[in-house]
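Prediction below, plus the sequence it came from.
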Amino acid sequence: MATELSPIDRAKYAASKRAVDLVENGMRVGLGTGSTAAWMVRCLAERVKKEGLSITCVPTSERTGELARELGLEVVTLEEASWLDLTIDGTDEFDPELNLIKGGGGAHLREKVVATASDRMVVIADPGKEVAQLGAFPLPVEVLAFGLAATRALIEEMLVSLDVLGREVTLRMNGDKPFVTDEGNHVLDLHLGRIGNARQMALVLNQVPGVVENGLFVDICDQVIVGHPDGRVDIHGLSGGAQEGDPVEFGEPDNIFADLGD
């Protein structure tokens, strides 16, 4: 597999492979959304198939749910699961305190609901997602379509008083139409450059009428597993720093990975 994949995909595979080792028989598992999470879902399905694990999965998006079902995983709603043992998801950025920016795929609302309904949230990432301070990646904010212009103006006004480098706010588009989330809302992307106080930003944003949820995950993530192209894995915990985990070996690709890395 290693020779067939790009370095970034090898890193995603390594992080995913190590993360699914945390899943135990009988667990209720939250499945994240995004390109890295797609690797994780495939690695999880491969392990379930080989070891005969009995687990139930709650996806954070329609597309993750479709993939999980296609691969034979048992998918239920969060209401049916009630509470989760573990959620594994990707991220767009993470800082030394394991605060995250998520929502590049527009699923951060469901991702946050699922993560906070779990005993533990583990994030998988490639080395490029680690930053000293959040904000280089645009911060997604899910908003109602009703009153969108007013909500945007209120956000722009609010940003004036916060510690950020930039204040550009753009409406996320899907072709020539506004992007629509699984919940039927729109997404405003905040191009901030740097977020001086992520906790304050998250709290203030959610006070703006029309804002449904923002992509800042503060005090939610318990561990970040960073994969490297050579199979090395670094494990970041809340105590700070990173420990090197057991490296991942790249074997022959299973059929469930056939459409990845193209």
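Nice, thanks for sending it over.

Just the element for Met40, please.
In the assignment (DSSP states H and E), Met40 maps to helix 35-51.

In CSV, list the C-alpha atoms belonging to the very next helix or strand once past that helix.
The helix or strand immediately downstream of helix 35-51 is strand 56-59, counting by DSSP H and E. Provided in CSV are the C-alpha atoms of strand 56-59 (Å, rounded to 0.1, in the frame of the first residue of the first chain):
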residue,chain,number,x,y,z
THR,A,56,-22.6,0.1,16.7
CYS,A,57,-21.7,3.3,14.9
VAL,A,58,-23.2,6.8,14.9
PRO,A,59,-22.1,8.9,11.8
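
thinking again about what came up before, which positions within the helix holding Met40 qualify as buried?
36-48 (16 or more other Cβ atoms under 10 Å). (Glycine included, C-beta is placed from N, CA and C.)

Same check on stretch 159-177?
So, applying 16+ other Cβ under 10 Å, buried residues of stretch 159-177: 159, 164, 167, 169, 172.

just how off-centre is it within its chain?
Centroid displacement of stretch 159-177 relative to its chain, using Cα atoms, centre = their mean, to the nearest Å, is 20 Å.

same thing with stretch 42-56?
For stretch 42-56, the distance to the chain centre is 21 Å (Cα atoms, centre = their mean).

do stretch 59-73 as well
Chain-centre distance of stretch 59-73: 15 Å, with Cα atoms, centre = their mean.

Next: stretch 208-226.
9 Å.

So for that stretch, mean pLDDT?
Summarised as a single mean, pLDDT over stretch 208-226 is 98.

Run through the residues that contact Ala11.
126-127, 226-229 (Cβ atoms under 8 Å, 6 or more residues apart in numbering).

The same query, at a cut-off of 7 Å, please.
By Cβ atoms under 7 Å, 6 or more residues apart in numbering, Ala11 lies in contact with 126-127, 227-229.

That one falls within a helix, correct?
Yes: the assignment for Ala11 (DSSP: H, G, I helix; E, B strand; the rest coil) places it in a helix.

From the contacts of Ala11, list just the buried residues.
Buried among the contacts of Ala11 by 16+ other Cβ under 10 Å: 126, 227-229.
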